[in-house]
Every structure is written in C-alpha cells, then in structure tokens.
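J.: just coords:
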C-alpha cells in the first residue's frame, strides 16, 4: 500500500507505475534499484 500511495503523491498513475516496475525487476541491475522508487521513477519512452 505504501508504494501505491507514494506513486500517487509523486503524480504517477499507480497501475502504470506498478506494471512498469514489475516488468523491469527481473532484468534490472541491483545497484540501480533506487531508480524504481516512486520519487525517482521515470516511465520508459514508448
């Protein structure tokens, strides 16, 4: 629940945020995991 609220507070659509993060997690580098936090997250360009 805190990730959803944090996404909302940062102006992100919670569904889009969670969908993107869950798709990126399997291949995302461990040392760059902070990029996926709601306050730093940027959607991938289409």
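T.: Perfect, thanks for sending it. Quantities reported herein were computed from a predicted structural model and do not represent experimental measurements.

J.: what comes into contact with the helix ranked longest in the chain?
T.: In the chain, taking DSSP state H as the definition, the longest helix is helix 14-24. Helix 14-24 is contacted by residues 3-4, 7-8, 36, 38, 41, 43-44 when judged by CB atoms under 8 Å, 6 or more residues apart in numbering. C-beta coordinates here come from the backbone N, C-alpha and C atoms, glycine included.

J.: now list the buried members of these.
T.: Using 16 or more other CB atoms under 10 Å as the burial test, the contacts of helix 14-24 include 7, 36, 38, 41 as buried.

J.: how about the second one, what does it touch?
T.: The one in question is residue 36. Contacts of residue 36 by CB under 8 Å, 6+ apart are 21, 24-25, 28.

J.: what distance do you get for it to residue 44?
T.: 11 Å (CB to CB, to the nearest Å).

J.: just the mean pLDDT for the longest helix of the chain, thanks.
T.: For helix 14-24, mean pLDDT rounds to 95.

J.: quick check: buried residues in it?
T.: Neighbour-count burial for helix 14-24 [16+ other CB under 10 Å]: 17, 20-21.

J.: including distance to residue 32, could these go into CSV?
T.: What follows is the buried residues of helix 14-24, written out as CSV (distance: CB to CB, whole Å):
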residue, distance to residue 32
17, 17
20, 14
21, 13
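
J.: between the buried ones among the contacts of helix 14-24, which is closest to residue 13?
T.: residue 7 (7.5 Å; CB to CB).

J.: what helix or strand does that closest one sit in?
T.: Using DSSP states H and E, residue 7 maps to helix 2-9.

J.: how far off helix 14-24 does that helix point, in degrees?
T.: Interaxial angle, helix 2-9 versus helix 14-24 (axes from the mean of the first three to the mean of the last three CA atoms, to 10 degrees): 120 degrees.
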